[in-house]
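K.L.:
Next one to model:
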Amino acid sequence: MDLNVTLAILAGELLLLGFCYWQDRKPVVPGKVRMIPYRLIMLVLVVVILTTLAHLIALVTGQPVQARRKMGM
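P.N.:
Numbering: from 1, shown residues only. I've put the predicted structure just below:
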């Protein structure tokens, strides 16, 4: 992916995170069960956003993201 696509995806992820935060902050209606776990979605989105930021940094610097330790140890 190029830089513009990565920035667009990151913006979409941040918008979705803001929407989930807004929905999670709504007051609870007694007797009504929330069907969508917004906090779990936000947790997954934070991981995806961090991964997208790592990809963005790799695109800007030109250096691929390296593992800190060797696999198989």
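
K.L.:
Need the three-state assignment for residue 8.
P.N.:
Using DSSP: H, G, I helix; E, B strand; the rest coil as the criterion, the local structure at residue 8 reads helix.

K.L.:
what about it, distance to residue 57?
P.N.:
17 Å (C-beta to C-beta, to the nearest Å). (Glycine included, C-beta is placed from N, CA and C.)

K.L.:
How about residue 35?
P.N.:
According to C-beta to C-beta, residue 35 and residue 57 sit 37 Å apart.

K.L.:
So which of these two has more stuff around it?
P.N.:
Between residue 35 and residue 57, counting by other C-beta atoms under 10 Å, residue 57 is the more crowded of the two (11 against 5).

K.L.:
Just the endpoints, please. Distance across stretch 25-32?
P.N.:
15 Å (C-alpha to C-alpha, to the nearest Å).

K.L.:
Residues touching it, excluding its own?
P.N.:
For stretch 25-32, the external contacting residues (C-beta atoms under 8 Å, 6 or more residues apart in numbering) are residue 34.

K.L.:
Now do the buried residues in it.
P.N.:
When burial is assessed from 16 or more other C-beta atoms under 10 Å, stretch 25-32 yields no buried residues.

K.L.:
likewise stretch 1-9?
P.N.:
Neighbour counts over stretch 1-9 (16+ other C-beta under 10 Å) mark 6, 9 as buried.

K.L.:
Work out the gap between the longest helix along the chain and the centre of the chain.
P.N.:
Determined from DSSP state H, the single longest helix within the chain is helix 38-61. The chain centroid and the centroid of helix 38-61 are separated by 4 Å under C-alpha atoms, centre = their mean, to the nearest Å.
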